[in-house]
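>>> Provide a 3D model corresponding to the input given below.
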Amino acid sequence: MSDLYWLTDEQMERLRPFFPKSNGRPRVDDQRVLSGIIFVNRNGLRWRDAPKDYGHAKTLYNRWKRWKRWSEAGVFVRMMEGLAAVGADPRTVMIDATYLKAHRTASSLAVKKGGLGRLIGRTKGGMNTKLHAVADANGRPLSFFLTAGQVSDYTGAAALLDELPKAQWLLGDRGYDADWFRDVLTAKGIKPCIPGRKSRNAPVRHDKRRYRRRNRIEIMFGRLKDWRRVATRYDRCPTVFFSAIALAATVLFWL
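Numbers count the residues shown, from 1 in each chain. The predicted structure is shown next:
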């Protein structure tokens, strides 16, 4: 039996509704090509090093380039969020952020006119991108937001507020201890379980037993980083990199 990764027929049927319609001639076998793209992203290979079982490397690369347009249209994000909407347990959600190391091939900070740049910034650990995430009670990702590495957790939290489901609790570490954030959560009917910063004059009480479950989102980040093209960013285009993250999350947690 082959050790290569292959999507099953059942998995393909779950993904197919999110595929854009083919214009003109039919695409090459989606199951084989998508399995090859997953294999390359998971193992951090160059396209030329992809196993021949997946077909010609140029076919995989060209499909990935075409899928860049899918990324710009939000296909991969909709794929992850669509499957998450059906299978998630949103009664308790968690929020956190992690750093993703930028390889030198991606770390150009040049900003195109009218563009947002690479979303890569200098931190104590070098050049990084920061991934902000919201996960469900089982530590499965619901939504992501990408920023440069030096951007604060507050920025990611503010961007993800509109993506929060109708939850009862939100778990977060001290980095999310801000009065405005607690007020917004309360207004949404969500109870914050966030320990107070040590600099606060008055301590903030929180459910310590419930807070211990927050390690599930950290485990989620660890599993995402098992994909080498997620743990190390090789793509200059942030949209393509974000698509790789969404694809990894879909395969790991929602298929």
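>>> List the residues that contact residue 104.
Neighbour list for residue 104: empty [criterion: Cβ atoms under 8 Å, 6 or more residues apart in numbering]. The C-beta positions use only the backbone N, C-alpha and C, and glycine is treated the same way.
>>> do you know how far it is from residue 233?
10 Å (Cβ to Cβ, to the nearest Å).
>>> In this structure residue 138 contacts residue 89, no?
Yes - between residue 138 and residue 89 there is a contact at 5.7 Å, judged by Cβ atoms under 8 Å.
>>> All the helices of the chain, in order from the start?
In the chain, the helices defined using DSSP state H lie at 9-15, 30-43, 57-72, 75-87, 153-160, 179-187, 208-211, 215-224, 228-231, 238-249.
>>> quick check: mean pLDDT across the third one?
In other words, helix 57-72. Across helix 57-72, pLDDT averages out at 79.
>>> what do you get for the last one?
Mean pLDDT, computed over helix 238-249, is 93.
>>> i'd like the first residue to be 392 from this point on
Yep, numbering from 392; the last one is helix 629-640 now.
>>> Direction-wise, compare that helix with helix 448-463 and give the angle.
If you take axes from the mean of the first three to the mean of the last three Cα atoms, to 10 degrees, helix 629-640 sits at 100 degrees to helix 448-463.
>>> do the same with the fifth one
With the same axes, to 10 degrees as the criterion, the two stretches helix 544-551 and helix 448-463 enclose an angle of 80 degrees.
>>> now could you export just the CA positions of helix 544-551 as PDB?
What follows is helix 544-551, C-alpha atoms only, in PDB (Å, rounded to 0.1, in the frame of the first residue of the first chain):
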ATOM      1  CA  ASP A 544      -3.100  40.400  19.700                       C
ATOM      2  CA  TYR A 545      -5.700  43.200  20.200                       C
ATOM      3  CA  THR A 546      -5.600  43.900  16.400                       C
ATOM      4  CA  GLY A 547      -6.300  40.300  15.600                       C
ATOM      5  CA  ALA A 548      -9.000  40.100  18.300                       C
ATOM      6  CA  ALA A 549     -10.800  43.200  16.900                       C
ATOM      7  CA  ALA A 550     -10.700  41.700  13.400                       C
ATOM      8  CA  LEU A 551     -12.100  38.400  14.500                       C
END
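>>> Quick check: buried residues in it?
544, 547, 548, 549, 550, 551 (16 or more other Cβ atoms under 10 Å).
>>> Number of residues surrounding residue 408?
Residue 408 is flanked by 10 other residues according to other Cβ atoms under 10 Å.
>>> In contact with it, which residues?
Here residue 408 is in contact with residue 473 (criterion: Cβ under 8 Å, 6+ apart).
>>> follow-up on the earlier one: how about TSV for the helices of the chain, with distance to residue 562 added?
Putting the helices of the chain into TSV (distance: least, Cβ to Cβ, whole Å) gives the following:
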stretch	distance to residue 562
helix 400-406	29
helix 421-434	29
helix 448-463	30
helix 466-478	18
helix 544-551	13
helix 570-578	11
helix 599-602	6
helix 606-615	8
helix 619-622	23
helix 629-640	19
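>>> Give the burial count for the residue nearest to residue 620 when sequence neighbours are not counted, as a bare number.
Using Cβ to Cβ, 6 or more residues apart in numbering and skipping the chain neighbours, the partner closest in space to residue 620 is residue 432 (4.4 Å). Residue 432 has 21 neighbours, counted by other Cβ under 10 Å.
>>> For residue 432, give me its contacts.
Going by Cβ under 8 Å, 6+ apart, the list of residues near residue 432 reads 618, 619, 620, 621, 635, 638, 639.
>>> in terms of contact, does the last one touch residue 435 like I think?
No - using Cβ under 8 Å, residue 639 and residue 435 do not qualify as a contacting pair, with a distance of 11.7 Å.
>>> thinking residue 461 is in contact with residue 470, fair?
No - with contact defined as Cβ under 8 Å, residue 461 does not reach residue 470; the gap is 9.3 Å.
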